[in-house]
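> Build me a model:
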Amino acid sequence: MTTEPATTPTPDSPHLPTQPDLPSSLNSSQILRGQKTVEIAHGGQRYTLRVTKDNKLILTK
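Numbering: from 1, shown residues only. Next comes the predicted model:
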């Protein structure tokens, strides 16, 4: 009589719940580097990210 070896579930197994990929995280100081505004090129467009006097962020096209 032969028996199948026990298998350990893998992350790819349909029987295990999967976690969605977590988004990347950057601190605003990494983007702004001491400046109040920075231009961002995206999809052939230019955007401006700026810090307001109330320390909020605004992204404009």
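> Please enumerate the helices of the protein.
Applying DSSP state H to the chain gives helices spanning 28-32.
> What is the burial count for Val51?
Residues near Val51, counting by other Cβ atoms under 10 Å, number 15. All C-beta spots, glycine's among them, are computed from the backbone N, C-alpha and C.
> Revised request: answer the last question for Gln30.
Residues lying near Gln30 (other Cβ under 10 Å) number 8.
> got it, and Val38?
Close neighbours of Val38, defined as other Cβ under 10 Å, add up to 14.
> Same question for Glu39.
By the measure other Cβ under 10 Å, the count of residues near Glu39 is 9.
> didn't it look like it was pressed against Arg46?
Yes: assessed by Cβ atoms under 8 Å, Glu39 is found in contact with Arg46 at 5.7 Å.
> okay, now Pro23: neighbour count?
Other residues within reach of Pro23, judged by other Cβ under 10 Å, total 5.
> Tyr47 too?
Neighbours of Tyr47 under the rule other Cβ under 10 Å: 13.
> can I assume it is in contact with Leu57?
No: the pair Tyr47 and Leu57 fails to qualify as a contact (Cβ under 8 Å) at a distance of 11.8 Å.
> and Asn27, what does it touch?
Applying Cβ atoms under 8 Å, 6 or more residues apart in numbering to Asn27 gives no contacts.
> Name the helix or strand of the protein that has the lowest mean pLDDT.
Across the helices and strands of the chain, mean confidence by mean pLDDT, DSSP states H and E is lowest for helix 28-32: a mean of 95.
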